[in-house]
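Student: Need a 3D model of the following:
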Amino acid sequence: MRNFELSIREKSIVCIGFMGVGKTTVGKLLAQKLYRNFIDIDAEIEKEFAMPIPLIFETYGEKAFRQKEKELISHYSQQPLYIISVGGGAFLQKEIQAMCLENCVVLFLDISWESWKDRFQILSDNRPLLRDRSMDDIKQLFHERQTIYSLNHSTFQIDHFEAEEAAIYLADALKLSWEIHAPQR
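Tutor: Predicted structure coming up:
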């Protein structure tokens, strides 16, 4: 635990949003543009378990996955100058919400249901929560999670942006915000 408060410019940025919205893709590009380290919590979990997420769910269950997710987010949310991509379900945990909102800048990458549906085919194979669900069930999950994702510091509607464009826009917006909120001398 830190014994000092980070400035807004130093705080890590946590990217939240529904699965497949582009948290990792945009997050990596944003990290490059802001000269920050990038961490994908799902990828770190896969490294720790030495298996892909669907197999972790199958072998150890969602509870073990969520516990490891919480440990890693707890650690990285307290580090300065990271861009952190968290899984679509991470923010369901109240403790994770509180940690991220207190220690980081939480950026919600929002997407409309219609735009997300266009991505479904490329997502369905490696997302355990999409397996054996009807499109109506997924739509319900999508809308339920919108309420959870509304707990953020900033929302970015990603529908009409390519990943590179989104990262450029976000980097510019963050830099402007940092200048506005810089301590007066």
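Student: From here on, just use CA atoms for contacts and neighbour counts.
Tutor: Will do.
Student: ok, the residue lying closest to residue 95 once chain neighbours are set aside to residue 158 distance?
Tutor: Sequence neighbours aside, residue 70 is the residue nearest to residue 95 in space, at 8.0 Å (criterion: C-alpha to C-alpha, 6 or more residues apart in numbering). In this view, residue 70 and residue 158 are 26 Å apart by C-alpha to C-alpha, to the nearest Å.
Student: circling back to that earlier point, isn't there a helix covering the residue nearest to residue 95?
Tutor: Yes. Under DSSP: H, G, I helix; E, B strand; the rest coil, residue 70 sits within a helix.
Student: So it sits against residue 98, correct?
Tutor: No. Look at residue 70 against residue 98 with C-alpha atoms under 8 Å: they stay out of range, at 11.4 Å.
Student: So those two - more neighbours on which side?
Tutor: Between residue 70 and residue 98, counted using other C-alpha atoms under 10 Å, the more crowded position is residue 70 (18 against 13).
Student: pLDDT at the more buried one, what is it?
Tutor: If you check residue 70, the pLDDT there is 97.
Student: Low-confidence regions, this structure specifically.
Tutor: Judged by pLDDT under 70, the chain has its weakly predicted residues at 1-4, 120-131, 183-185.
Student: And the strands in it, which stretches?
Tutor: Secondary structure of the chain (DSSP state E): strands at 13-16, 37-40, 82-85, 105-110, 154-157.
Student: Could I get the buried residue list for the last one?
Tutor: Applying a neighbour-count criterion of 16 or more other C-alpha atoms under 10 Å, the buried positions in strand 154-157 are residue 155.
Student: ok, that strand: who's next to it in the sheet?
Tutor: Counting by DSSP bridges, the strands paired with strand 154-157 are strand 105-110 (parallel).
Student: Could I get the buried residue list for the strand it pairs with?
Tutor: Buried residues in strand 105-110, counted by 16+ other C-alpha under 10 Å: 105-110.
Student: quick one: contacts of that strand?
Tutor: Here strand 105-110 makes contact (C-alpha atoms under 8 Å, 6 or more residues apart in numbering) with 8, 11-18, 21-23, 100, 149-150, 152-159.
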